[in-house]
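Undergrad: Using only what follows, build the 3D model:
(chains A and B)
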Protein chains: 2
Amino acid sequence: MTSIPPVEVPSRIAVLGTGLIGTSIALAAARAGIEVAGWDADPRIAAAAASTGALQQAPDLKAAAREAELIVVCTPIAAVGEVVARALEAAPDSVVTDAASIKGAVLAAVESRVPAVALRRFVPGHPMGGSERTGPEHASASVVDSIVWVVAPGAATDPASVARVEAFVEAIGARPVRLSPQRHDRLVAFVSHLPQVAATTLMGLATAEEADEPEMLLLAAGGFRDLTRLAASNPALWSEILLANGTELARAVDLFVDRLQGLRDLVAGADAAAVEHRFTVAKEARLRLAAKPQVRSGVAVIQVEIPDEPGALARITAVLGEGEVNIEDIQIVHSPEGGRGTVHLTVAAPTATASMAVLRAGGYDPARVA
Amino acid sequence: MTSIPPVEVPSRIAVLGTGLIGTSIALAAARAGIEVAGWDADPRIAAAAASTGALQQAPDLKAAAREAELIVVCTPIAAVGEVVARALEAAPDSVVTDAASIKGAVLAAVESRVPAVALRRFVPGHPMGGSERTGPEHASASVVDSIVWVVAPGAATDPASVARVEAFVEAIGARPVRLSPQRHDRLVAFVSHLPQVAATTLMGLATAEEADEPEMLLLAAGGFRDLTRLAASNPALWSEILLANGTELARAVDLFVDRLQGLRDLVAGADAAAVEHRFTVAKEARLRLAAKPQVRSGVAVIQVEIPDEPGALARITAVLGEGEVNIEDIQIVHSPEGGRGTVHLTVAAPTATASMAVLRAGGYDPARVA
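TA: Next comes the predicted model:
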């Protein structure tokens, strides 16, 4: 009688590249009782990471990798192929994974550098969490709490290597989701890269038109601001990401353009019913999305009207705080053309009913909208 | 010696169409000591508006218009031309303005119905405020406080009529901005209608792709949600708006598509410097936009880190409430891929320094980011 050996959570890992995401992973691992060795190309960054208590700074990459059962490479995309290859060579019994936002290009970079037998130990990964801040001093275990962590094995990856990564991901509190590298890249082209491209393009267009129409941005209200918020993202980082996913991005852009032109033609043809149908389909999908868990957790959205006066937000958040409700997100909701006084509260889904009761006891009239 | 007669604020107005925007205008007018007569095609809506104390319900359109120096037509777009024409006829000494989101089509609808001499008294207008709610019961004078109110005279409009509308707009607390009907429609095509079309199209595309890729929306984080929030807007209303502005919308869509395809080609050609340049231009424009006043007022944005724990938001809003800071908007800021713990507070610009001092006294480390 044979039995499948249980997959053990690694007791010792290495993090190579100790910026915000690497150090956050180290902190979550340390919290789970896992020993962490850390290395960074810049020893000052590794020292800053070590000072958080998350990891022990190793003198060099080899020393960090040597006794690790799992090595997590968290360098910038351009360095991932090289660092993964060095890690696979330095630690011949270890599993190596990475945290880059693109998987196909990273896998190709690794394949070009290491022998086929070493590829069995490489598991491309993408923890879909982060922060608008950078550097180990802003790291937090909460950056990875409950996030979707894509595990994207290549054709040569050994199933046991995948199992080791998934056991680690679960042990530190994230949610492994398995996709092939190609599917990962295709999906992020639609839900991450295309939105970024649309935001940057809309902002670029509006500012180009502003040269002739100085009042243009005076008329830009909440809707325009929502659509262009992403345009403030890091140009160098995004240039690198888009170039690494050019084929999938081109496909997503082309499909987006087809649909934009289709809607333009329906409007030009004054086909009100068809235009309205497109809006109805999108509205229903958006309401389903609002009801879906955010990437990092299952949440509920509660709508409450508050008076438009100083202290109104303080009062509602105090009522919630006294009721021990943890607010995941709060937003004053504007119509496309402004408006005020309606608040959307996001809370963990299991606490939605209790949160509504707390609000009612505080004199509010809450409605769950997602 | 001649002197230009001072423009007098109307002492009596009529509001035709007493939904949310009409009743909000009536409330702001009443607050400014202006008498308001109200009429609605649905007498129950007019009665509900009257019960707010903002206006006196007139038995019919003519009775409402008869003694008004200014008549504000706030019906749905499709009815504006007809109601404006009836108002111009019923009150031969009055100035008539409207509140529809499109100006060229409305002006054409009026021109087709009234003699040239009456056109001198019609001033197309667009108060750029609103609420996601509808109906007089959700009206508030604050809906129009400090908003941009576009005043868009046609070629036949008399300057004295424009002056009367602008005096009224200022008297009730909004900010008149004069544009031709054509320029108004062109600008809103870029900053309001194109964002709506982009949001609806992105959401429609993602949900169509979801049929083949069920995990797609599992990977949709804050950026995708920002870009598609507008897709939950009212389909019938938007179909009407877009069809009424089809020519300008088509132009904006075509320019947007050109730029999307240009960026796609730069990515396909691996021109990292050119891609990065596009992102840099858009980023700089977005940061300038963040520093600009919102449509309805001059605001400042303050960034503060808060701990990720229950009561953290309650504490900061309590600190602000005790310091008598009025929070215009609050948002927990997420990176494109998640993250938490950073709050953006929007406050009236003149109160920014005092708000920062209140936060520092409360133990926070605020940074003004806009």
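
Undergrad: for the helix or strand residue A:319 falls within, packing partners?
TA: Assigned by DSSP states H and E, residue A:319 belongs to helix A:312-322. Judged by 3 or more CB pairs under 8 Å, 6 or more residues apart in numbering or on different chains; DSSP states H and E, the packing partners of helix A:312-322 are strand A:327-335, strand A:338-348, helix A:352-361, helix B:312-322, strand B:327-335. Every residue, glycine included, has its C-beta placed from N, CA and C.

Undergrad: Contacts made by the fourth one with the rest, please.
TA: With CB atoms under 8 Å, 6 or more residues apart in numbering or on different chains as the contact definition, helix B:312-322 has outside contacts at A:310-311, A:313-315, A:317-318, A:320-322, A:327, A:330, B:304, B:306, B:327, B:330, B:332, B:343, B:345, B:355, B:358-359, B:361-362, B:364.

Undergrad: before we move on, back to that, of all the helices and strands packed on helix A:312-322, which lies closest to residue B:66?
TA: strand A:338-348 (32.5 Å; CB to CB).

Undergrad: pLDDT on that closest one, on average?
TA: Per-residue pLDDT over strand A:338-348 has a mean of 66.

Undergrad: contacts for stretch A:102-121?
TA: A:77, A:80-82, A:84-85, A:88-89, A:94-96, A:98, A:100, A:122, A:124, A:126, A:150, A:152, A:154, A:156-158, A:161, A:181-182, A:184-185, A:188, A:241, A:244-245.

Undergrad: Which parts of chain A are strands?
TA: A:12-16, A:35-39, A:56-57, A:70-73, A:95-98, A:122-123, A:125-127, A:148-151, A:175-178, A:299-305, A:327-335, A:338-348, A:367-368 (DSSP state E).

Undergrad: Please identify the most buried of these.
TA: With neighbours taken as mean count of other CB atoms under 10 Å in any protein chain shown, those reach their highest mean count in strand A:95-98, at a mean of 29.

Undergrad: Pairing partners for it, with directions?
TA: Here strand A:95-98 has these sheet partners by DSSP bridges: strand A:70-73 (parallel), strand A:122-123 (parallel).

Undergrad: May I ask which helix or strand of chain A has the lowest mean pLDDT?
TA: Lowest by mean pLDDT, DSSP states H and E among the helices and strands of chain A is strand A:327-335, with a mean of 62.

Undergrad: got the contact list for the nearest residue to residue A:161 once chain neighbours are set aside?
TA: Leaving out its chain neighbours, the residue that sits closest to residue A:161 by CB to CB, 6 or more residues apart in numbering or on different chains is residue A:95, at 4.5 Å. Contacts here follow CB under 8 Å, 6+ apart; on that basis residue A:95 touches A:69, A:70, A:71, A:121, A:122, A:123, A:161, A:164, A:165.

Undergrad: Tell me the spacing between residue A:95 and residue B:26.
TA: Between residue A:95 and residue B:26 the distance, using CB to CB, to the nearest Å, works out to 69 Å.

Undergrad: just residue A:286 next, same as before
TA: Per CB to CB, residue A:286 is found 33 Å from residue B:26.

Undergrad: Report the beta-bridge partners for the residue nearest to residue A:161.
TA: With DSSP bridges as the criterion, residue A:95 is bridged to residue A:70.

Undergrad: State the number of residues packed around residue A:257.
TA: By other CB atoms under 10 Å in any protein chain shown, the residues close to residue A:257 number 18.

Undergrad: do the same with residue A:216
TA: That count, for residue A:216 with other CB under 10 Å as the rule, works out to 21.

Undergrad: Can you check what pLDDT the model gives it?
TA: Per the predicted model, pLDDT is 89 at residue A:216.

Undergrad: one step back: quick check: the residue nearest to residue A:161 vs chain B, distance?
TA: Residue A:95 sits 24 Å away from chain B, going by CB to the nearest CB, to the nearest Å.

Undergrad: Show me the shaky parts of chain A.
TA: Residues of chain A meeting the criterion pLDDT under 70: A:1-6, A:131-133, A:291-299, A:308-310, A:331-341, A:369-370.

Undergrad: Outline the domain layout of it.
TA: Annotated domains of chain A cover A:12-179, A:184-291, A:299-368 [automatic domain parsing].

Undergrad: got the angle for the helix holding residue A:319 vs strand A:299-305?
TA: Interaxial angle of helix A:312-322 relative to strand A:299-305 (axes from the mean of the first three to the mean of the last three CA atoms, to 10 degrees): 140 degrees.
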